[in-house]
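following is a predicted model, sequence given first.
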Amino acid sequence: MPGLDHGPNAPDRSERVETTRRNMRYGLALFAVYLVLYGAFVGVNAFAPEVMERTPLAGVNVAILSGFGLIGAAFVLAMVYGWLCRAEAPAADEEFRP
Amino acid sequence: MIYEFNLNAVLVFAAIVAVTLGLSFYMGKKARSASGFFAAGGGIHWFVNGVAFAGDYLSAASFLGICGMIAFYGYDGFLYSIGYLAGWVVALLVIAEPIKRLGKYTFADALDSRFQSRSIKFAAAISTLAVSIFYLIPQMVGAGVLVTPLFGLPHWVGVVMVGTIVILIVVTAGMVSTTYVQFLKGSLLVVFSTVLVVLILNRGLSTTPDGDPEWQPIRTLGPIATDRDDPEDHWEGLSEELNVPISAIGFGLDKLRPDQIPIRHKPFLRIDRPGERLPQFWAYWYEDATQTRMVLYETQTRIETPEGQVFINGELSTTGGEQPDFRPVGSVVELPGGKAQTGPSGPFAFLRTLGQSRIAVWGSERVKDADGTKITVYYPRVMSGSEVLTPGNHPSFRGIAPQKQRTDGIAYTAPSRMQQLLPGINFVSLMLALFCGTASLPHILIRYYTVKDQASARKSTIVGIAAIGFFYVLTLYMGLGAMTSGAMDVTNSNMAAPLLARSFSQWLFAVISAIAFTTVLGTVSGLIIASSGAVVHDLMSSVLRIEMHDASKVRVARIASVGVGAVAILLGILFERMNVNYLVGWAFSVAASANLPALVMLLFWKGTTKQGITAAILVGMVSSLAWILLSGDTYTSVYGLPAEDAWVPFSQPGIVTIPLGFLTLIVVSLLTRPRRDALST
């Protein structure tokens, strides 16, 4: 009966190990990108806050622009991730498929 | 502010709640098995799940708390938006992929998948319960805040109402119904917030906002010639303008002399006119850094005498008849170019104009006189738009922008180098906790198990991020719109968003309040599910090894739901006075400290042992809880003690307790490394 055992999901409709591993690598790479952006935002706010007051674009200040930018970046990275993960990764033993 | 019973709002409420319950009972027929109850049978469509993510996540704190924080403090509320959303990036890119493969129903399952250890299940279940309860408190407080003005009933009634409805929903159908409740809520929230922002941009900015007929421009006196370096001269100008003897005037509630003013004093004067019972208060602002010309602004006050009489703005508040009330607040004092209004603006024009304006932003201060009189002063501070739209105005973040020249001419300087760094460290600590917190929340993780495969889990997270990100952009506009609407309740920032809606139309107010109410319903139901899962699935089945049939599990889960719901109701009543965002920050810090290190290391480090995981969860949870309970913020908000007595140097634990969790896991894992000759799991 479904639900009584506590082991991991049977990989029936789940992806293969190679795919998951590849996806995890993509995930971490994109995460690193976001971490740099977020870290820069936090760092500037904490240690160079006067930068936040400047108004480089359309009279809107850096604080708001970077806030919007981070929100947009989150979505873009998510989309990139979804796109990268769309196909199954080739299995290790399928290298020489015709 | 006094609110009248609003029939429109009540009817809309009733309609939305009825639809929700109807869905719940309908879906209830489908949830038979434990699988169905806990994880919706793994069959919810990814788009629905994605919007439900948003509905789940956008709690009372997001909607009410952030808008309110922005309305009263400017940009700082938006920092929370950014931090909360960034957490989703962690959830998607780091956690989502591996976690789906690992477990079945609960977060504890995921952690336990490799080791089958009772101690891990126990630790994870306790952590789930602790975080869920902390996250439940602000939701219940939010419910009380919403219902009170609409029905004119006390706070506890709103809390009991929400608690009862949610328990009903959860008990009838568990996870499935909460998914559809949250999908409904998520959609409504985004749609109507968009409508609100369109209306805000269309209204534009004005020095005489028409959001509330009771709004009046702030009365001013002066400018008065003053000389801060010559205290006597200072006093004479004021004494003349106010027509009181010099002895009647003092700065701040302590009645200080100008040369005694410490760095963080509040910019208002106290005047005890001889012969008058009640003190008066005026906010003051120096026109510039030379501090030679001072302008006084009228304040609003609530004074409670030891005999129990309450005076609002000097008028006695009685039980019957026409009651004195606070005036609505929130306005632009000066627009660029001296215009009176801007008319409809585009999104960037709105921000640009606001950045070049001067705005009256209201703060408050409370004190008890020697004779037992309780005084609350609500005073305006006239700030430049540039100051409002950059971080550093809210008490949690004050000091991270020391270059800000306060408009009253008193520059902020810190006593020591270390003290200069502390606000920055505190800020980084909070942003770290928000960043790490989302992926660690048990009621978010559990939603990953409701879709059928990993591709769906990814897609639903992407949809969730899009919806949530868009909503957070809207919160900035809603908060700023509220700040300039002339309709804010000076005593309660949580009402900013609904009052903003009311400033456009009663009907919109009704709808937004009802949506905020279902916001709470949705979040609370998700939390109760996560908690009951922890109790039944982890504590009872796995740790205590109580054998149960599927049907019994469902029954026990329902009982557990009622129990957790009851605790939430009680705590929601007790924590009425607390700021909702602050409480959510607690939950995030504890979740990030307890859950994230274990989760991440389990997924990425083979050297992780079961003892390491158990230790990391417990150490992370206990250390973050202890830090919070011993912090300056808790001292002032909960215990009512001075912040200086607190044991820890800054209030946000994240930057200490999250690394501590990781360290604990690594050290304990290395110490309990299985020997090569022993069989390892």
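Received the coordinates, thanks. Numbers count the residues shown, from 1 in each chain, chains lettered A, B, ... in the order given.

make it CA atoms for all contacts and neighbour counts henceforth
Noted.

check contacts around the closest residue to residue A:31 other than its chain neighbours.
Across the structure, with C-alpha to C-alpha, 6 or more residues apart in numbering or on different chains as the measure, the residue nearest residue A:31 apart from its sequence neighbours is residue B:93 (5.9 Å). Taking C-alpha atoms under 8 Å, 6 or more residues apart in numbering or on different chains as the contact definition, residue B:93 lies against A:24, A:26-28, A:30-31, A:78, A:81.

residues contacting the closest residue to residue B:57 other than its chain neighbours?
Here the nearest residue to residue B:57 in space, its sequence neighbours aside, is residue B:523; by C-alpha to C-alpha, 6+ apart that works out to 7.0 Å. Residues in contact with residue B:523 (C-alpha under 8 Å, 6+ apart) are B:55-59, B:139, B:182.

circling back to that earlier point, of the contacts of residue B:93, which is the nearest to residue B:421?
residue A:31 (28.2 Å; C-alpha to C-alpha).

okay, now that closest one: neighbour count?
22 (other C-alpha atoms under 10 Å in any protein chain shown).

ok, now how distant is it from residue B:482?
Counting by C-alpha to C-alpha, to the nearest Å, the gap between residue A:31 and residue B:482 amounts to 35 Å.

ok, residue B:195 next?
Per C-alpha to C-alpha, residue B:195 is found 14 Å from residue B:482.

neighbour count for those two, which is higher?
In this view residue B:195 and residue B:482 are compared by other C-alpha under 10 Å, and residue B:482 has more residues nearby, 30 against 14.

surely that one and residue B:500 touch.
Yes - counting by C-alpha atoms under 8 Å, a contact exists between residue B:482 and residue B:500, whose distance comes to 5.2 Å.

quick check: neighbours shared by these two?
Contact criterion C-alpha under 8 Å, 6+ apart; residues shared by residue B:482 and residue B:500: residue B:488.

which residues are in contact with residue B:378?
Shown here is residue B:378, whose contacts under the criterion C-alpha under 8 Å, 6+ apart are B:299-301, B:362-365, B:490-491.

and it, that's in a strand?
Yes - the secondary structure assignment for residue B:378 places it in a strand, going by DSSP: H, G, I helix; E, B strand; the rest coil.

pLDDT averaged over the biggest helix by length in chain A - what is it?
Assignment by DSSP state H gives helix A:17-47 as the longest helix of chain A. Helix A:17-47 carries an average pLDDT of 88.

show me what the helix or strand that comes right after that helix is packed against.
Secondary structure here is assigned by DSSP states H and E; on that basis, the next helix or strand after helix A:17-47 toward the C-terminus is helix A:62-84. Identification of packing neighbours for helix A:62-84 by 3 or more C-alpha pairs under 8 Å, 6 or more residues apart in numbering or on different chains; DSSP states H and E yields helix A:17-47, helix B:76-90, helix B:454-483.

dump those to TSV, plus distance to residue B:68.
Listed next are the helices and strands packed on helix A:62-84 as TSV, based on distance: least, C-alpha to C-alpha, whole Å:
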stretch	distance to residue B:68
helix A:17-47	22
helix B:76-90	8
helix B:454-483	6
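
so which of those helices is nearest residue B:18?
Comparison of the helices and strands packed on helix A:62-84 against residue B:18 by C-alpha to C-alpha identifies helix B:454-483 as nearest, at 25.3 Å.
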